[in-house]
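K.L.:
Sequence plus predicted model, see below.
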Amino acid sequence: MEAKPTEPTNPTFDGKKGLVLEVWIKKGGVISEICKAVGINRSTYYDWVKNDLDFLEAVKEKNEELIDFAEAKLMQKLDEGNLTAIIFFLKTKGKSRGFIESHEFSGPGGGGIPVKMYDFDPGKLPKPQ
């Protein structure tokens, strides 16, 4: 019988679970690298995530920290006037102001694209051999 996850209680973690959380940021949240650094199998990590809601919540919090870190770096690049960072920021955060990528397709000379419609009758398909 499979163990049910426990309700989250915001604990601190000892042992290898604690080590996983300690090295999380340094290893960029890459599970295989984290497991290697701590000396556990990936399956052990995934069992912990599946069966321990406290650990799952702690992992989610570590992922949020990584996103915060990346956002801070992006903001630094924006402050420096980095064009790539500016474009990325506007494409992701400026959609409501029209900063989106769209693709327009047209036929020869900028006109419409001719489309032929066919009736489909599955009964007229060749029989498989």
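P.N.:
Sure thing, it's come through.

K.L.:
Tell me how many other residues surround L21.
P.N.:
Counted with other CB atoms under 10 Å, the neighbours of L21 add up to 18. Every C-beta, even on glycine, is put in place using the N, C-alpha and C of the backbone.

K.L.:
Oops, could you answer that again for M75 instead?
P.N.:
By the criterion of other CB under 10 Å, M75 has 12 neighbours.

K.L.:
Could you give the secondary structure assignment for it?
P.N.:
helix (DSSP: H, G, I helix; E, B strand; the rest coil).

K.L.:
and it, what pLDDT?
P.N.:
You'll see M75 listed with a pLDDT of 97.

K.L.:
any idea how far it lies from D68?
P.N.:
11 Å (CB to CB, to the nearest Å).

K.L.:
what do you get for K127?
P.N.:
Taking CB to CB, one finds K127 at 60 Å from D68.

K.L.:
Looking at these two, which has the bigger crowd around it?
P.N.:
Neighbour totals were compared for K127 and D68, and D68 leads with 10 against 4 (other CB under 10 Å).
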